[in-house]
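Participant: here is my input, please return the structure:
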Amino acid sequence: MSTPENASAVYRRYLSAVMQHGQASARACDLGPTDLYALNTLELSGPLTPGELGARTGLTTGPTTRLIDRLEEAGYVRRVPHVDDRRKVSVELVGKPAGLDEAMAPARRKLGELLRTYPPEQLATLFDYFTRAADAYQEATDDLRG
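Facilitator: Okay, the predicted model is just below:
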């Protein structure tokens, strides 16, 4: 299978659609996109220090503190003593926006229908790509941040 001439445009359109859906999902739950991204980060990684959460979201100290305050006030996260250093705190996920599953349901359904059209060996290739691409993007992000 050859790469289409417009592969870059196809891929950028895909990434743009994913970002737009994330923003629309956040709005549907009365959140900002960074708030939803932070919740997703905590769900995937487990508890993080404020510094780690700030680094992963690309926020500096002040905006990270305000982010955590908003999410804590909404009941989505809490600050707890760090497991290894009691001078630090960790931020842990304790809830998620009530309407998030409903906001995400149509996309999940449509993507599920799409994935069911692929044979198992192609699904394995797709998920191998997702795994390796996530690592590549993370490495590239780390490089950009120095």
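
Participant: the helices in the protein, which residues?
Facilitator: Using DSSP state H, the helices of the chain run over 7-28, 33-45, 50-57, 61-73, 100-115, 120-145.

Participant: which among those is found nearest to Arg86?
Facilitator: Minimum separation from Arg86 across these (CB to CB) falls at helix 50-57, 15.2 Å. Just so you know, the C-beta spots here come from the backbone N, C-alpha and C atoms, and that holds for glycine as well.

Participant: in the closest one, what counts as buried?
Facilitator: The neighbour-count check on helix 50-57 (16 or more other CB atoms under 10 Å) flags 50, 53-57 as buried.

Participant: so where is this protein shaky, pLDDT-wise?
Facilitator: Screening the chain residue by residue with the criterion pLDDT under 70, one finds the ranges 1-2.

Participant: returning to that earlier point: nearest to Thr34, of the buried residues of helix 50-57?
Facilitator: Distance to Thr34, by CB to CB, is smallest for Thr57 among the buried residues of helix 50-57, at 5.9 Å.

Participant: check contacts around that closest one.
Facilitator: With CB atoms under 8 Å, 6 or more residues apart in numbering as the criterion, the residues that contact Thr57 are 34, 37-38, 41, 64, 67.

Participant: could you say which of the residues you listed is surrounded by the most neighbours?
Facilitator: Neighbour counts for the contacts of Thr57 were taken using other CB atoms under 10 Å; the highest belongs to Ala38, with 27 neighbours.

Participant: you'd agree it is up against Arg66?
Facilitator: No. Proximity of Ala38 to Arg66 does not meet the contact threshold set by CB atoms under 8 Å, at 11.2 Å.

Participant: among the contacts of Thr57, which one sits closest to Gly146?
Facilitator: The shortest gap between Gly146 and any of the contacts of Thr57 belongs to Thr64, at 18.2 Å (CB to CB).

Participant: what distance do you get for Arg132 to Arg56?
Facilitator: Look at Arg132 and Arg56: by CB to CB, to the nearest Å, they are 20 Å apart.

Participant: next one: Asp143
Facilitator: The gap separating Asp143 from Arg56 is 15 Å, by CB to CB.
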